[in-house]
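In: Quick one, fold the following:
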Amino acid sequence: MRLVLIGAFASVSLVAGCATGGQSGNFPTVTNPSEAANITLYRDGSWAGWFATVRIDLDGEEIYRIGRDEAFSLTLDPGQYLLIYTLGFNECRRIIWAEPRQNQRIHLSPTCT
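Out: Okay, the predicted model is just below:
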């Protein structure tokens, strides 16, 4: 019985650990705030990967982990950035063009669409 309880606790701890989101790295430094773009990344409530967070990398650096039905925004200097987001074994890549003083909203789909 004790071994079953330890196994159950370990399983719950693992799932809970995977489900914690939030900032996990440093956002890029904005050098010209008056020209910066505002980028909002959001994840809907789909059941794909419902127990896990989506890992978000920008230009090769992990910056955030986002859960179901969550969104976050960051500001970026104008330019081109490589966004990579990973959910389980799915890795999606996308180029972001941050235009001066523009707002973008990007859906993080588990099917990379």
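
In: where do the strands sit along this protein?
Out: For the chain, the strands defined by DSSP state E occupy 22-23, 37-43, 54-58, 61-66, 70-76, 79-87, 90-98, 103-107.

In: Quick one: closest of those to T29.
Out: Closest to T29 of those is strand 70-76 (Cβ to Cβ; 9.9 Å). (C-beta placed from N, C-alpha, C; glycine too.)

In: and L41, what is it in contact with?
Out: L41 is in contact with I56, Y64, I66, A71, F72, S73, L74, L83, Y85, I106, L108, counting by Cβ atoms under 8 Å, 6 or more residues apart in numbering.

In: Just give me the closest of those to T20.
Out: Once Cβ to Cβ is applied, the member of those that ends up nearest T20 is I66, at 10.8 Å.

In: quick one, what contacts that closest one?
Out: G21, L41, Y42, R43, T53, V54, I56, F72, L108.

In: So in terms of bridging, what pairs with it?
Out: V54 (DSSP bridges).

In: got it, and G79?
Out: A98.

In: Would you mind writing the CA trace of stretch 42-61 as PDB?
Out: Only the C-alpha atoms of stretch 42-61 are listed here, as PDB (Å, rounded to 0.1, in the frame of the first residue of the first chain):
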ATOM      1  CA  TYR A  42      -1.800  33.100 -26.400                       C
ATOM      2  CA  ARG A  43      -2.800  29.500 -26.000                       C
ATOM      3  CA  ASP A  44      -6.500  28.400 -26.200                       C
ATOM      4  CA  GLY A  45      -8.200  25.800 -24.100                       C
ATOM      5  CA  SER A  46      -7.900  22.900 -26.500                       C
ATOM      6  CA  TRP A  47      -7.400  19.500 -24.900                       C
ATOM      7  CA  ALA A  48      -4.100  18.800 -26.800                       C
ATOM      8  CA  GLY A  49      -1.500  18.700 -24.100                       C
ATOM      9  CA  TRP A  50      -4.000  19.800 -21.500                       C
ATOM     10  CA  PHE A  51      -1.700  18.800 -18.600                       C
ATOM     11  CA  ALA A  52       1.500  20.400 -19.900                       C
ATOM     12  CA  THR A  53       2.800  23.900 -20.500                       C
ATOM     13  CA  VAL A  54       4.000  25.100 -23.900                       C
ATOM     14  CA  ARG A  55       7.700  26.100 -23.800                       C
ATOM     15  CA  ILE A  56       8.400  29.300 -25.700                       C
ATOM     16  CA  ASP A  57      11.900  30.100 -27.000                       C
ATOM     17  CA  LEU A  58      12.800  33.400 -28.800                       C
ATOM     18  CA  ASP A  59      16.000  33.400 -30.800                       C
ATOM     19  CA  GLY A  60      17.200  30.300 -29.100                       C
ATOM     20  CA  GLU A  61      16.500  31.300 -25.500                       C
END
